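Undergrad: for reference, the sequence and a predicted model appear below.
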Amino acid sequence: MIVAKRLVVRGRVQGVGFRFFVLKTAEQLGITGYVRNLRDGTVEIVAEGTPIDVRAMAMDILAGPRHGRVDDIDKADIPVTGQYTSFEIRY
């Protein structure tokens, strides 16, 4: 079974290598989707994968990269689209 989540991460998450940290984590877990900075200083993640892998990704994101800080993550279930073949950083 594949699930999809939209995560919006708040904290010190821009300018600290956060998107690259998320990309590496997603690739290690076999998750597809994307990560991108939003204009309000948050980071948006759309992730499709098994429930266990998506949950593991969310837990890894809480730790964040060394220079970052995660204060909060808003999580929402979204429809699985199957349109993603890999995980990418969007600009």
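TA: The structure has been received and is ready for your questions.

Undergrad: just the residues contacting stretch 54-65, thanks.
TA: Defining contact as C-beta atoms under 8 Å, 6 or more residues apart in numbering, one finds that stretch 54-65 is touched by 3-5, 7, 9, 11, 13, 16-18, 20-22, 25-26, 29, 31, 45, 47-49, 70, 73, 75. For every residue, glycine as well, the C-beta is placed using N, CA and C.

Undergrad: can you do 6 Å?
TA: Residues external to stretch 54-65 that are found in contact with it (C-beta atoms under 6 Å, 6 or more residues apart in numbering): Val3, Lys5, Val16, Gly17, Phe18, Phe21, Thr25, Leu29, Ile31, Ala47, Val70.

Undergrad: distance from the chain centre to that stretch, please.
TA: Distance of stretch 54-65 from the chain centroid (C-alpha atoms, centre = their mean, to the nearest Å) equals 8 Å.

Undergrad: now swap in stretch 5-14 and tell me
TA: Here stretch 5-14 is found 8 Å from its chain centre; the criterion is C-alpha atoms, centre = their mean.

Undergrad: and the helix or strand Val70 falls within, C-alpha only, in PDB?
TA: Val70 is located in strand 69-77, with elements delineated by DSSP states H and E. The C-alpha coordinates for strand 69-77 follow below in PDB (Å, rounded to 0.1, in the frame of the first residue of the first chain):
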ATOM      1  CA  ARG A  69      16.000  23.400  13.700                       C
ATOM      2  CA  VAL A  70      12.500  22.000  13.300                       C
ATOM      3  CA  ASP A  71       9.900  23.700  15.500                       C
ATOM      4  CA  ASP A  72       6.800  22.100  14.000                       C
ATOM      5  CA  ILE A  73       5.500  19.900  11.200                       C
ATOM      6  CA  ASP A  74       2.000  20.200   9.800                       C
ATOM      7  CA  LYS A  75       1.000  16.800   8.300                       C
ATOM      8  CA  ALA A  76      -1.900  16.200   5.900                       C
ATOM      9  CA  ASP A  77      -3.000  13.100   4.000                       C
END
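
Undergrad: that'll do, ta.
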